[in-house]
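**Student:** Build me a model:
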Amino acid sequence: MERMTRRRWLGLVMGTVTVSASALLASCGGTGSTPTPTTAATPTPPAAAASPTATAAATATTRAATPTVAIATPTTAAASTVKARIALTASDAAFLIALDQGLFKAAGITVDLITATLDPGQAISLLGAGQLDLVGGGISAALVNGIKQGVALKIVVAETVITQSFGNFHVIGVPKTLFEAGDVKSVADLRGKQIALVTSSGGDVLETKKVLAQHGLTLKDVQVQTLRAPDVPTALQNAAVAAGFLIEPYVTIATKQLGAAVALVDGTEIARAAGIGLPINVLSFGPRLLGDRPLAIAFLTAYLRGVVWYEERIGDPGRRQEIAEILKKYTPLKDDKLYAEMTWPPIARDGRFEPKFLEEYQALWIELGQIKETLPVDQLVDFSYLDEAARQV
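**Tutor:** Modelled structure (predicted):
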């Protein structure tokens, strides 16, 4: 891989990528153009009749909701605007709740959502260039490469982790036609066949690697094809791949609504292979937030209050719709039936995970040639901001 100078790397703020999804998934926001990175001082939600897009969702004017406990407040107005790029999926529920319920606003923070499609390398580039303050999403090799290039960057909180009650939040599905014909009846049958993954180095890759290992296979024994998560159900329906990694709500779409796939490996087996506590989605802070501790703690305090709000409702079917209504405002998923049927994301209650899992991620990236050397995990994660924030919730 060509060696890049830090100046060149920080200048690598590439254009956004527009990708069309199938009309079949249009109800989940699978179509539409991708906006370029922008910020908005006053986020505004889309009208109820507006068509969703897979890569963009407008933000909402926060409602006046005053927390019942004190939240550390940034000392200057200039420090109160945080530019964030998150995945805009159900896994971002706690973040979006804190935004929608005015918890960030009550902490003196205005959140500007950057809704452009960015791959991990682009997002880290924007962090290093100061055009973003935080990035949310899956863990990727860009984390290590960014730090190696001198960018102040740390994972500060886990959004989702694999839990005991993981359910079928993730499954490895196979086309129903291939399963019924007996072509793919076990993981061993995937040898030499195409399998669709949704990232090149994220949790889905690590989980798949561990599942394959339990059946005597490696990633080199299958043909990996990277597809967008909304496109995997269609690929399975058309038998364009022999298997596909499905993440909710696409598990429900593929297996229930389309009836196009069956779970060759269900969520319970994935959790057992990958390990309880494996981080899936995280929030990472860039130089500005890492250098402004009061602002960082205020932000995480509001975020953790969003987690509490989520936990108070997720176990109660009568109140779970309150979460769905917020997600419908900000994410491409607008279908109430899907919210009723899907497995909900395993939000990390305390925002923590065992840093040892980052050693497993790095071993994967070394294997794939995506990093040249590993870093001590304490250079990748810093929970000290989270610990201070937790004392205020």
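**Student:** quick one: low-confidence ranges for the chain?
**Tutor:** Residue ranges of the chain with pLDDT under 70: 1-79.
**Student:** which stretches of it form strands?
**Tutor:** For the chain, strands defined by DSSP state E occupy the ranges 81-85, 110-113, 134-138, 154-161, 170-175, 194-197, 223-226, 243-247, 261-265, 279-285.
**Student:** by contact count, what packs against the longest one?
**Tutor:** Spelled out, that is strand 154-161. Helices and strands touching strand 154-161, as assessed by 3 or more C-beta pairs under 8 Å, 6 or more residues apart in numbering; DSSP states H and E, comprise strand 279-285, helix 293-314, helix 384-390. C-betas here are computed from N, CA, C, even on glycine.
**Student:** swap in the last one?
**Tutor:** If you count contacts as 3+ C-beta pairs under 8 Å, 6+ apart, strand 279-285 packs onto strand 134-138, strand 154-161, helix 203-213.
**Student:** doesn't D133 make contact with G291?
**Tutor:** No - with contacts counted by C-beta atoms under 8 Å, G291 stays clear of D133, the gap being 10.4 Å.
**Student:** So if I had to pick from the two, which one is more boxed in?
**Tutor:** Higher neighbour count among G291 and D133: D133, with 25 against 11, using other C-beta atoms under 10 Å.
**Student:** tell me the contacts of that one?
**Tutor:** V82, K83, A84, L127, F285, G286, R288, L289 (C-beta atoms under 8 Å, 6 or more residues apart in numbering).
**Student:** cool, and L338?
**Tutor:** C28, P249, T252, I253, Q257.
**Student:** Nearest residue to the residue positioned nearest the centre of the chain in space, please, no chain neighbours.
**Tutor:** By C-alpha atoms, centre = their mean, the chain has its centre lying nearest to G137, at 3.2 Å. Leaving out its chain neighbours, the residue that sits closest to G137 by C-beta to C-beta, 6 or more residues apart in numbering is A87, at 4.4 Å.
**Student:** what about P332, how many neighbours?
**Tutor:** P332 has 27 neighbours, counted by other C-beta under 10 Å.
**Student:** I'd assumed A87 was in contact with it.
**Tutor:** No - the pair P332 / A87 is not scored as a contact, 10.7 Å apart, by C-beta under 8 Å.
**Student:** possible to save the helices and strands packed on strand 279-285 as a markdown table with distance to E269?
**Tutor:** Output for the helices and strands packed on strand 279-285, formatted as a markdown table (distance: least, C-beta to C-beta, whole Å):
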| stretch | distance to E269 |
| --- | --- |
| strand 134-138 | 20 |
| strand 154-161 | 17 |
| helix 203-213 | 7 |
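**Student:** what separates stretch 215-227 from the chain centre, distance-wise?
**Tutor:** On the basis of C-alpha atoms, centre = their mean, to the nearest Å, stretch 215-227 sits 22 Å off its chain's mean C-alpha point.
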